[in-house]
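Novice: What follows is a protein structure lacking sequence information:
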């Protein structure tokens, strides 16, 4: 007898529907899984058999063949276990065919028949066409986020079978857990002094411009970066759904089990591998840190300590907002729409150009080579962060709060929406020509900079984009004046900052 059960699996951050076809026929007892299962998926045959028998159900002593269609796509993980088990029971006549019609099944089985929570349930549920889906109890809230299915849940295979046989009602969903309130202890008002850095944070948030901060230890670089998400505001519904799907596919725990509403903030250690930052690494092609930070902030502290290969791999994601990971038999596109904030010391010891610096010229050269020119060219804002003075630490009044700055950021982003982009950093060169023309004074200033060789073609576009954001924050009309362009130039030092801090011409 043949049974066909709807299910799904995930690759990258996208789910795709899978039809689990189960054929039970006379022959030498065996269990074969075909259709490009990976190692974990192939091991389902042992988990399914043990789970069925542990629940007191009959395991057919016949030849069982399971095909995972479409057969040309690699299947990964144990999320197809429940669909396989239900398919075997339908094909062997223990569950009626009508009971599984218009239903899809997701879940990994334990040897005792327990249903275990899965990573990536949200994108998998979103890919399913059946109107009803059965998931483990621990994934109920996440599955409901998709919003277009009737979601059933159960704690084990036995409860699923009883419900399908109409011997018992479907188990009640677990009680919803309220999402924790956003942290209230982080605010831009906590930062003493640092006028230039605070201004750079506001421009970065308003225009989506990547930011590099260079300064000695203790200058407040990390403190500033941690407060950047408070300037961006909560996620809109579409962005929240995208961020939740990415975190679900990455196996991250979700706040309250449901929708992510706050901007992600990811700060990987500088020893992180290329795969952990970019993504891939398994047949499921899991998202990396640059994808997990989508719609939020990626903070790379100690930028000069990251391997050069990792930093250079970020060139395309920072430019295009996606990561395309290619393998021998398939390619996935992972989102990478992040706001990058990087921080680094001026030298390995951190104290250049003061007399306390102990770095040799050779060690400084090695440190400088870690950050390539193409990466620097993609960082729209580059500032030097000096330690606050004694007066700023002890006597200076508090600066503006995050809420006050966020209101200006929101207004600037609304102006970007009118240009059909979410931030000015996404505007193409032709769009910038149309939306951000130079006035005569600004044009003369830009011509001098171009003649000096300090700006590349990409650099000119980024400079114009930053100047447009400055104009938006000031409530301008889009005609870029000399003041906005001069500030953008000051915040984008094209000279080698490491040489500058060392005192080398």
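Specialist: Good, I have the coordinates. Keep in mind the model is a prediction, meaning the values are calculated, not measured.

Novice: Now do the buried residues in stretch 366-384.
Specialist: Neighbour-count burial for stretch 366-384 flags 367-368, 370-371, 375-384 (criterion: 16 or more other C-beta atoms under 10 Å). The way it works is simple: take the backbone N, C-alpha and C, and place the C-beta from them, glycine included.

Novice: just how off-centre is that stretch within its chain?
Specialist: Taking C-alpha atoms, centre = their mean, to the nearest Å, one finds stretch 366-384 lying 23 Å from the centre of the chain it belongs to.

Novice: now do the same end-to-end measure for it.
Specialist: 20 Å (C-alpha to C-alpha, to the nearest Å).

Novice: Now for the buried residues of stretch 366-384: which two are most distant?
Specialist: Farthest pair in the buried residues of stretch 366-384 (C-beta to C-beta) is 367 and 380. Separation: 22.6 Å.

Novice: which residues of the stretch 301-450 of the chain fall in helices?
Specialist: Remark: helices assigned in the stretch 301-450 of the chain by DSSP state H, counting those that start in this stretch are 308-312, 315-320, 361-369, 373-377, 390-394, 402-417, 429-435, 440-451.

Novice: And the stretch 1-150 of the chain, by the same measure?
Specialist: Ranges of helices within the stretch 1-150 of the chain are 39-42, 44-54, 81-91, 121-127, 140-144, based on DSSP H, counting those that start in this stretch.

Novice: out of those helices, deepest packed?
Specialist: helix 81-91 (a mean of 28; mean count of other C-beta atoms under 10 Å).

Novice: average pLDDT across that helix?
Specialist: Mean pLDDT, helix 81-91: 96.

Novice: Which one of the helices of the stretch 301-450 of the chain lies nearest to residue 186?
Specialist: Proximity to residue 186, assessed across the helices of the stretch 301-450 of the chain by C-beta to C-beta, is greatest for helix 402-417 (7.8 Å).

Novice: Run through who's touching that closest one.
Specialist: Helix 402-417 is contacted by residues 186-189, 198, 201-202, 205-207, 227, 230-233, 422-424, 426, 469, 472-473 when judged by C-beta atoms under 8 Å, 6 or more residues apart in numbering.

Novice: Quick check: buried residues in it?
Specialist: Buried, per 16+ other C-beta under 10 Å, within helix 402-417: 402, 405-406, 408-409, 412-413, 415-416.

Novice: packing partners for the longest strand seen in the chain?
Specialist: In the chain, with assignment by DSSP state E, the single longest strand is strand 14-25. Helices and strands touching strand 14-25, by 3 or more C-beta pairs under 8 Å, 6 or more residues apart in numbering; DSSP states H and E, are strand 2-11, strand 63-69, helix 81-91, helix 121-127.

Novice: how far does it sit from the chain's center?
Specialist: Distance, centroid of strand 14-25 to centroid of chain: 29 Å (C-alpha atoms, centre = their mean).

Novice: same deal with stretch 118-135?
Specialist: Counting by C-alpha atoms, centre = their mean, stretch 118-135 comes out at 20 Å from the chain centroid.

Novice: And for stretch 115-133?
Specialist: Its chain's C-alpha centre and that of stretch 115-133 lie 20 Å apart, by C-alpha atoms, centre = their mean.

Novice: cool, and stretch 284-294?
Specialist: How far stretch 284-294 lies from its chain's middle: 5 Å, per C-alpha atoms, centre = their mean.

Novice: what sits up against that stretch?
Specialist: 10-13, 38, 76-77, 120, 242-243, 246-247, 249-252, 264-266, 268, 272, 275-280, 298, 314, 317, 323, 325, 327, 330, 332, 334-338.

Novice: From the residues you listed, which land in strands?
Specialist: Checking the contacts of stretch 284-294 against DSSP E, those in strands are 10-11, 265-266, 279-280, 298, 323, 325, 332, 334-335.

Novice: which one among the residues you listed gets closest to residue 100?
Specialist: Using C-beta to C-beta, residue 10 comes nearest to residue 100 of these, at 21.8 Å.

Novice: From residue 204, how far off is that closest one?
Specialist: Distance of residue 10 to residue 204, computed by C-beta to C-beta, to the nearest Å: 32 Å.

Novice: Could you do residue 302 as well?
Specialist: Distance from residue 302 to residue 204, by C-beta to C-beta: 19 Å.

Novice: likewise residue 191?
Specialist: Separation of residue 191 from residue 204 (C-beta to C-beta): 14 Å.

Novice: What of residue 492?
Specialist: Noted for residue 492: a distance of 12 Å to residue 204, by C-beta to C-beta.

Novice: between these two, who's got more neighbours?
Specialist: Higher neighbour count among residue 492 and residue 204: residue 204, with 28 against 23, using other C-beta atoms under 10 Å.

Novice: how much space between that one and residue 405?
Specialist: From residue 204 to residue 405 the distance is 11 Å (C-beta to C-beta).

Novice: for residue 380, same thing?
Specialist: Separation of residue 380 from residue 405 (C-beta to C-beta): 18 Å.

Novice: likewise residue 229?
Specialist: 12 Å.

Novice: Residue 314 now?
Specialist: As judged by C-beta to C-beta, residue 314 and residue 405 stand 27 Å apart.

Novice: Likewise for residue 55?
Specialist: 58 Å.

Novice: I'd say residue 439 and residue 478 touch.
Specialist: No: contact criterion C-beta atoms under 8 Å: residue 439 and residue 478 do not qualify, at 10.7 Å.

Novice: any weak-confidence spans in the stretch 101-250 of the chain?
Specialist: Within the stretch 101-250 of the chain, the stretches with pLDDT under 70 are 176-185.

Novice: Domain-wise, how is the protein divided?
Specialist: The chain breaks down by automatic domain parsing into domains covering 2-164, 188-421.

Novice: List the contacts of residue 462.
Specialist: 209, 377-378, 380, 425, 492.

Novice: Dihedrals phi and psi, the residue nearest in space to the middle of the chain?
Specialist: The chain has residue 292 as the residue nearest its centroid, 2.2 Å off, counting by C-alpha atoms, centre = their mean. Per-residue torsions, residue 292: phi -60, psi -20 (degrees, to the nearest 10).

Novice: confidence score at it?
Specialist: On the pLDDT scale, residue 292 gets 94.

Novice: The one 4 residues further on now?
Specialist: As summarised for this prediction, residue 296 has a pLDDT of 94.

Novice: Skip the chain neighbours and tell me the closest residue to it.
Specialist: Excluding its sequence neighbours, the residue lying closest to residue 296 (C-beta to C-beta, 6 or more residues apart in numbering) is residue 264, at 3.4 Å.

Novice: and that neighbour, what does it touch?
Specialist: Counting by C-beta under 8 Å, 6+ apart, residue 264 touches 229, 243, 247, 292-297.

Novice: Try it again at 7 Å.
Specialist: Residue 264 is in contact with 243, 292-293, 295-296, counting by C-beta atoms under 7 Å, 6 or more residues apart in numbering.

Novice: now swap in residue 13 and tell me
Specialist: By C-beta under 7 Å, 6+ apart, the contact list for residue 13 reads 123, 245-246, 249, 287, 291, 334-335.

Novice: Nothing else from me, thank you.
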